[in-house]
Structure formats: C-alpha cells, structure tokens
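[1] Make a model of this:
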Amino acid sequence: MEDARRARKIADNWRAIIAVGLVIVVVLFAIGIIIGYFIGLSKVEENEAVKAALRPADASITQKIISEVKADNIRENLRYLTETPHLAGTPADKEQADEIVKRWRDQGLDHAEAVPYDILLSYPSKEEGKGNKVQILRKDGTGDAIFTSREKEEVLDESQNNPDVVNPFNAYSAAGEVSGEVVYANYARVEDFFFLQRNRSMDLNGTVIIARYGKIYRGDKVLNAMNVGARGIVLYSDPEDVAPAGEDVYPDGIYLPETGVQRGSTFKYSMDPLTPGYPATGYAFRIDESEAGLPQIPVHPVGYSDAKEILSRMDGDEVREDWRGEIDGVTYKYGPGLADTNNEVKISVYSSNERRTTYNTIGMIRGSVEPDRYVILGNHRDAWIFGAIDPSSGTASLLETVRVFSEMVKQGWRPRRTLVFCTWGAEEFGLIGSNEWVEENMKNLISRGIAYINVDAPLMGVHRLKVSATPNMKDVVYDAAKMIPDPNPSGNRKTMYDTWAERGATYDNGVPRVGGLGAGSDYASFLHRMGLSCIDMRYQWDDTKYDFSIYPIYHSVYETFDLVERLYDPGFKYLQGMTRLWAEVARRLADELIIPMNTKDYGERIKEMYDAFLLTENADRIRARPLSDQLDKFGVAVDAFLDAATEFHESIPSINMNDPLAIRRANDQLILLERGFTDPLGLPGRPLTRHVISAPSSKDVYASAGFPGLIDMLFDIDNSEDPDQQWKDVEKQLAVVTYHLHSAASTLTDVISCLTRTEL
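    Now for the predicted structure:
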C-alpha cells in the first residue's frame, strides 16, 4: 500500500516537472519569437536608414522646381512688399515679419518664427524746423541763406507721396551744425585725400568736404574725412554715375532724377553698434555709444541739383580730368572755399540714435537624412523706403522659393539636409540682423553649417548674371545655371549660363568669372566671422557700357514697384529666372550625396592671388628687406594647399558610395575647409573679421581684398610714422597667412597625417 502511494507521488512529481518544463519551453519559445521579431524589425529599420543615407538625389526635382516657379507669384509678392515703406525698427518692419512667418506656417514649413533683436538704429528728427540740410550762408553774422538743400525728393509718382517716407539722411551721422571752407574730394577715397594733401598741399583740417557717392562704401568716405580733420561731409550722386548724358531719368527711364538722393548707413562695421561680438538680446551687455566707433562728424546726402549749387560756386583750380563729373554747367574745382569769400557751407544734422527692435524671420524644412546639416538661403527685408530692387525683389524671390520647396515636400520629396530660409532685419544699418543671428547661433553653425546663399537685390539690371562667391562654390553655380532657361533667349543663348558666358568677363577657358566677396551684404558675417562658404547672386547692368558702382536709383524714393514692373522686368521673367537659379543651387547643396564643392578651384585661386601679389611693389618692398625667406615660406604654404586641395578633389570619385560614414567624412572635410582660414584673433585692428584669405578691404568695406591682413599692414608703409613697428606687423602677417594655409590644407588630408608634422 505504502509502495503504491509512493509510486503515485513520484509520478505526480514527474508530471509537474514535465508540465513546468513545457511551460518554460513555451515561454522561452515565445520570448524568442518576440526577440527575433524586434531584432528583425531593427535590422529592417537599420537597412532602411542605410538605404536612405546612400540614396542619390532625385534628378527629376530640378525640372519640377523650374516648372513650379511662377512669375505672377513673384509679382504679387513684390507688390505686397512695396506697398508701404518698411524701414527697420518701424511698425511696418514688424508687420512684414509677422506676415512672412504666417505664410511659411500656412505652407507647411517644419518651423517658422520671427526672432527679435534690440539694436541701436538711427533716424532723422521729425520735429518742425529740425530737418537735416546743407546751406550756403553769409559769413557776416546775419545767417542769411543764399541756398538751402531740399528736405524731400520731388514726388514724381503719387505712390511716392506716403507719410512714412523717411527724408534723405545718412544713418548714424553725428548730430550738430558745422560750417567751413568747402573742398571737393572726388570719391573721398584714401587716395583722393592723399592727392589733395600731398600733390595739392592742401590743409584739410576744419574744412567741409563735398564728395560724390561711388567706388567705396559711404562709411569709409566719412571715416576718411574724419581722418584728415574735416568738420563735416556732404555726399551726392553725380550724373556720371547715375544719369549719363542722353539717358532718360525716372519716370521715363531707370536713371536717377536730379532731386534723387541715396540714403544709407555710415557706420563702419557690420553689427549692432552696442553689442560687438555678441547677439543683441535682452540680456546682452551694451557698451556706451561713445565707445561704438560711430561717426564723429555730421554727414548729409543731397541730390545732384543741390550739389550743383555748391560746386558751381567753388573757388580754386579746375580739377584734373578723372575727377570731373557730369553736372551740366559746372566747372569742377578743388576749392578750398567758395568764389565769393563772404559765403561758406554749413551742414545741419538733427538725427538721433535710438534703441529699437527688429526681426529676422527664420523658416526651416527639416532634412530627411542629415537634419543637422544646414544650407541657408537669405535676403534682407528692411528697406530705406519702398525698396523695390534692394531688397524687395530678392525677398519676393525668396518667398516664391520657399513656396516651391514646400510644394515639393507636399509631393513627397524632402531634402537630404535641412534648408533654412531667412529674411534679415536692419541690414541697411550695417548688416545687423544677419550678424546678430550668426553671433547667437555660431556654436552650432560652425560645426553644422554647409553654405550660405545670398540674393540681396537680384534685379540690378537685366544684362547678365553676376556671381561672387568663395572659390569652392563656382562649380555648383555653373552647373545650376546651365539648367535654367534664359529669361530672354536668343540664338545660342538658351540658358542663364549661356548668356553669362557670352556677356560677362571670362577666364581663359571661356568660363564666366566669379568675383570675390567684400562685405556689402548679409554673407559677410557668415564668411568673415565664421568661415562658412558663401555665394552672392544678382542680375547686372551692362558694365561694358557704364562703370557704375551700383544701379542708378539705389536707396531713393523712386525705387518703387512701378520702376520694376514697367521699366526693369515687365513680365517678371528675370526674377523668375533668378528664383529658379537660387532654388536649384540650394537643392544641389542640400540633396547631393557629396556636397558639390570644388577644393581644387580654391587652391588654384589662392595660387593666382599669390602669383599676382609677387608682381606688386609690395612684394618688391618685402624682398628689399630681410623677409625674403618668409615670403618664400608663404609660397611653399600656397603650393602645399594647392597640392592638398587638388589631391582631395581628385579622390572624390574613389569614395566608397556604399559607406555612409565615408560619405559623411568627405562632406565634413569639404565644409570644414573654409573654417581653416579663420583666425580666432582676427585681422589687425579688426578682431571680429577673421578670414585671412578673403575679407573686405579696410579702406573699402564693399571690396574684397586677398590676404587682407598682409595688405593692410603694407598700405602706405613708405610714409609710415613708425616704419619699424609696421614692418614687424608685416612679418607677423606673413607668418599668420602661412600658418592658416597649412592649417586649411590639413583639413583635406587623411585622419592620421592631418595631425602630424616632421619639419620645423
């Protein structure tokens, strides 16, 4: 009996063990299935991610973009943007920013916002009797005015009769009333003042300068006048530069009428004056205005009919031929003073500086594969008045570009990398909006930014395309321009590239020339502060016919919607063409597996710059001193960079296009190359301008200077007050540029050799 119970118990135990074992097996099997499922799922997801990372750009998008850009949309954009003046810091500035953000959100952008900055701006007084002016007064103490300049331009179209039109003024001019003997200084360049002082033996201290706009940035004209001791300066646009004989002026043509006046800033630097180096946020530290480097003398602009009243009364010898303008009935004379010695010129400026808020608008389409890489498109939004060409023709194009890209996204396309769209505030006062945004976002942009594409005023003419860019960006513009139909095709001119090559200056191989970048627009901080490769594009007038510095009606009240629609681009075909080009360049940079940057072009351009420098008197001066060895080492660095840039460019076809890390590594080298040219200490006397290869000339902010630190230190060195110190500075700059060439070359070498060096 006992044995039977024991046997049953043993059997029950085994059954329990077997049951538990079966449960465990089933559970483990189920867990295995679940784990296997998720492992398989992760592999599927991993494979999809790899496929996306290796997927080439969709070439069909180009034609879709071209077809989608609508001229009528650009026309209506421009009509809206020019309905009212929209000076930075005014309610209209904010209203336009809000409208653009609303449009972008409605179009489905992944992000859109208006970014505010608290900045120092400048405005003329609205108080009765406090209008800025230039006068010819009697010296007898009566104060009788023989002549007083116009406070407003003549209204030639009812659309110009708007209460928000700001009277002609130069922003940041010192306020005050000054008078003195008048001197004509041509374009008020350094060399013009040197001629007056050294060749004419003129003492300019205490004088009032009158000079024409053009050739250099107006702020440099003011600084040059300050440096010779002038009390004030009057600026005007000469007909030679804005209304050539025989050409129709507005409203019959595109040239400047006699009362037209160019407004503009006279601040030397590209930033908010009170927060140098840091974004103008609510928490920013601000320096005093007295420390900001603002102009210290009054400056006021006038039309050429008013300038005639002064120039026709001047005393002194007749000027040399290349100083003569084309004001009818005027014999241009140097001065000093007026022929009637009982009279003198007086400048009265009552403008003031004010802290106000301006806004950038920022919109984004998130990249599908590399959302942490940014291709940035920008154009400023603020205008001195209506700004139909500068900047609103560009803003109208940008708005259509954004709409087209948003439509492509709705159709299923998305760029590989993130597209960032920007309209900048307060550019006219000194590139302030873009600079503050760069300062605020520099830590991210330095490692993540790919390129900045700027289209400020695309409709300066309709003759041909004009492009300025860092040398590595030439090919992407060439290739894009070959895809865009010419707005006015004829014969062999079927694409924008065809017309550009036929009508523009070319290299020896017939390829259109691409210019260097000064600091005339919003690319400046991206390139010169941060080292981001940049492009600036526009349509240009026929510069083989007229050597203008800028289009004739620039910054005047006559720059209206009517000017564009009736006289420049009646069918809006040229703005349509520019919009297509802008979008296609951006698409290529944002979508191609290998970013289309040509390092070899960069190396060859620097070699050209160095060889050209060797032919100058400055190189002879260096050779005449014990610096020949340093100049030779500079040349060795140039060759080393060219070799590295060429080798890297030629290695691109051998990149393993099935390895996403190899692709990413090559792209990182391409975008970091430009950073290799930035000096954290900045250029001499310009700590916030850091690019040692290409930066604005210290004598003309608008112009690009090769090897700017070296060129600055060599400037007028034969007349230096401290030649020994200046030559030490030259020696230092030779070493600085040599170092940065080697540094940039190292960014293009492999991951091991870039950190090695065997020779002193």
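
[2] so what secondary structure elements neighbour whichever strand or helix holds residue 536?
    If you go by DSSP states H and E, residue 536 is part of strand 533-540. Applying 3 or more CB pairs under 8 Å, 6 or more residues apart in numbering; DSSP states H and E, one finds that strand 533-540 contacts strand 449-454, strand 464-469, helix 474-481, helix 523-524, helix 573-591. C-beta: built from backbone N, CA, C; applies to glycine.

[3] next structured bit after the third one?
    To tie it back to what came earlier, the one meant is helix 474-481. strand 485-490.

[4] what's the angle between that next one and strand 464-469?
    140 degrees (axes from the mean of the first three to the mean of the last three CA atoms, to 10 degrees).

[5] Which strands or helices does the helix or strand just after strand 485-490 pack on?
    Heading C-terminal from strand 485-490, the first helix or strand you meet, by DSSP H and E, is strand 493-495. In terms of contacts (3+ CB pairs under 8 Å, 6+ apart), strand 493-495 is packed against strand 485-490.

[6] Not counting its own residues, what contacts the strand it packs on?
    Taking contacts as CB atoms under 8 Å, 6 or more residues apart in numbering, the residues outside strand 485-490 that touch it are 66, 462, 493-496, 498-499, 573-574, 576-577, 580.

[7] need those residues in a markdown table with pLDDT, can you?
    Converted to a markdown table, the contacts of strand 485-490 look like this (pLDDT from 0 to 100):
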| residue | pLDDT |
| --- | --- |
| 66 | 98 |
| 462 | 96 |
| 493 | 95 |
| 494 | 97 |
| 495 | 97 |
| 496 | 97 |
| 498 | 97 |
| 499 | 96 |
| 573 | 98 |
| 574 | 98 |
| 576 | 98 |
| 577 | 98 |
| 580 | 98 |
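
[8] Could I get the buried residue list for stretch 477-486?
    By 16 or more other CB atoms under 10 Å, the buried positions in stretch 477-486 come out as 477, 478, 480, 481, 483, 484, 486.

[9] that older thread, list the neighbours of the next helix or strand along the chain from the strand holding residue 536 that are in contact with it.
    Using DSSP H and E, the helix or strand that follows strand 533-540 in sequence is helix 561-562. For helix 561-562, contacts defined as CB under 8 Å, 6+ apart pick out 78, 79, 82, 83, 157, 159, 251, 386, 388.

[10] doesn't residue 560 make contact with the fifth one?
    So the one you mean is residue 157. Yes: Residue 157 is within contact range of residue 560, at 6.5 Å (criterion: CB atoms under 8 Å).

[11] Compare these two (neighbour count), which wins?
    residue 560 (24 against 14; other CB atoms under 10 Å).

[12] if we can go back for a sec, just give me the closest of the contacts of helix 561-562 to residue 295.
    residue 386 (26.2 Å; CB to CB).

[13] For the closest one, grab the count of nearby residues.
    28.

[14] so which of the helices and strands packed on strand 533-540 comes closest to residue 668?
    strand 449-454 (10.2 Å).

[15] Kindly spell out which helices and strands sit in contact with the closest one.
    Against strand 449-454 (3+ CB pairs under 8 Å, 6+ apart) you get strand 370-380, strand 533-540, helix 573-591, helix 660-672.

[16] Next up, the contacts around residue 428.
    Residue 428 touches 87, 88, 171, 264, 265, 380, 382, 383, 384, 555, counting by CB under 8 Å, 6+ apart.

[17] same check, this time on residue 143
    With CB under 8 Å, 6+ apart, residue 143 has these contacts: residue 137.

[18] Can you tell me the SS state at it?
    Here residue 143 is recorded as coil under DSSP: H, G, I helix; E, B strand; the rest coil.
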